[in-house]
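Colleague: here are the coordinates; sequence isn't available:
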């Protein structure tokens, strides 16, 4: 099992990445949510410069928000600073799109962007399209220290729903997903293998990274204790969030089936009573996105919700939960960091989990 941290991209995250290496973390993952956090590539560049062994991944780039050649150039630049330590995670977008009131990027665009990235990051020429224009492009001057296209940059596709999961099999090198349910992982991997077969690809191994929140309980604590809830609360709230749409905003699109009634309560009593005008309510919906629990949200983030969606408990129980995920096919876990200071979580999981795993 590879242990990583999912950072709400903050420009000084390199300080925590450097510390995390010392505690056994192998991966550092950075959000691409430009209206919520710091710029992803500036943050990754600093992490590359200040780390020695950490694999640095985008978690995930939002297809369609940048031209694919622009993303390829940025990733190849990071690869120059951290040769062979870069993973390109890419998806159709959630907060990076919806925080602007925009829908997710179509999966067809996502798949095409992966194909362009793959060729450019390998130093090859790619066919780039804009509307009805089609042009051959390539990264120039790869031998002069601007970029690195010699060391491979694998492309992991972020996907949660079945149609997006099939894109992983069709074009991806690995899978990034949300959750801590072994059954969901098994079903997803089966879907990915089936899609790969249909696309004429053979995926002997499918690197699978899950992002989830977690906490190792101290003596006398439980999952609703203030310290623990402070770390997990915004993750639980995310499970109840929605995707704003001007006419058809869904209720609980991310909530597990057993929590749909809770998601409806959250939607009716909380989202629909926000003070921001509806035409720009997406701003208030995404305020605090995975970094803090907004006032009033704590009423909906229940003990049962946190137990189902996080890896939390005494150290032995957390290790057992992670091993169950590993048996289901998970190869890496990205622990979600709340806020901009990871020192407590790094020490906790480094000493209590990684050292004993």
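Modeller: Ah, there it is. A quick note: this is a predicted structure, and the numbers were derived from the prediction, not measured. Residues are numbered from 1 along each chain as shown.
Colleague: let me see the domain layout of this protein.
Modeller: Here the domain parsing of the chain from automatic domain parsing is 2-217+314-356, 218-310.
Colleague: now these in CSV, with mean neighbour count and mean pLDDT?
Modeller: For every residue, glycine as well, the C-beta is placed using N, CA and C. Below are those laid out as CSV (neighbours: other Cβ atoms under 10 Å; pLDDT from 0 to 100):
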stretch, mean neighbour count, mean pLDDT
domain 2-217+314-356, 19, 97
domain 218-310, 16, 97
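Colleague: show me the helices in this protein, by range?
Modeller: 13-22, 40-50, 68-81, 95-98, 107-121, 162-171, 182-198, 226-238, 260-269, 282-285, 303-309, 315-328, 343-352 (DSSP state H).
Colleague: nearest to residue 151, of those?
Modeller: Of all the helices of the chain, it is helix 68-81 that lies closest to residue 151, at 5.9 Å by Cβ to Cβ.
Colleague: I'd like to know which elements that closest one is packed against.
Modeller: helix 40-50, strand 86-91, helix 107-121, strand 126-130 (3 or more Cβ pairs under 8 Å, 6 or more residues apart in numbering; DSSP states H and E).
Colleague: residues making contact with the shortest one?
Modeller: Under the criterion Cβ atoms under 8 Å, 6 or more residues apart in numbering, residues 67-69, 112, 115-116, 119-120, 134-138 lie in contact with strand 126-130.
Colleague: switch to 6 Å and redo it
Modeller: Defining contact as Cβ atoms under 6 Å, 6 or more residues apart in numbering, one finds that strand 126-130 is touched by 69, 116, 119-120, 135, 137.
Colleague: check contacts around residue 180.
Modeller: 212, 311.
Colleague: mind doing that once more with 8 Å?
Modeller: With contact taken as Cβ under 8 Å, 6+ apart, residue 180 is in contact with 210, 212, 308-311, 321, 325.
Colleague: and residue 56, by the same measure?
Modeller: Applying Cβ under 8 Å, 6+ apart, the residues near residue 56 are 17, 27-28, 30, 44, 47-48, 78, 82, 85-87.
Colleague: what do you get if the cut-off is 6 Å, keeping everything else the same?
Modeller: By Cβ under 6 Å, 6+ apart, residue 56 lies in contact with 28, 44, 47-48, 82, 85-86.
Colleague: now the residue positioned nearest the centre of the chain. Nearest residue, chain neighbours left out?
Modeller: By Cα atoms, centre = their mean, the chain has its centre lying nearest to residue 59, at 3.9 Å. In space, and not counting its chain neighbours, residue 59 is closest to residue 29: 3.6 Å by Cβ to Cβ, 6 or more residues apart in numbering.
Colleague: OK, contacts around that neighbour?
Modeller: Counted by Cβ under 6 Å, 6+ apart, residue 29 has contacts 4, 6, 57, 59, 334.
Colleague: circling back: and the helices and strands packed on helix 68-81 as JSON lines, adding distance to residue 172?
Modeller: Listed next are the helices and strands packed on helix 68-81 as JSON lines, based on distance: least, Cβ to Cβ, whole Å:
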{"stretch": "helix 40-50", "distance to residue 172": "19"}
{"stretch": "strand 86-91", "distance to residue 172": "9"}
{"stretch": "helix 107-121", "distance to residue 172": "7"}
{"stretch": "strand 126-130", "distance to residue 172": "17"}
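Colleague: these: which one's closest to residue 220?
Modeller: Closest to residue 220 of the helices and strands packed on helix 68-81 is helix 40-50 (Cβ to Cβ; 35.8 Å).
Colleague: shouldn't residue 224 be in contact with residue 303?
Modeller: Yes: if you go by Cβ atoms under 6 Å, residue 224 and residue 303 touch, sitting 5.5 Å apart.
Colleague: in this structure, which strand is the longest?
Modeller: strand 208-216 (DSSP state E).
Colleague: which elements pack onto it?
Modeller: If you count contacts as 3 or more Cβ pairs under 6 Å, 6 or more residues apart in numbering; DSSP states H and E, strand 208-216 packs onto strand 174-178, helix 226-238, strand 310-313, strand 332-336.
Colleague: for residue 259, find the nearest of these.
Modeller: Residue 259 lies closest, by Cβ to Cβ, to one member of these: helix 226-238, at 9.7 Å.
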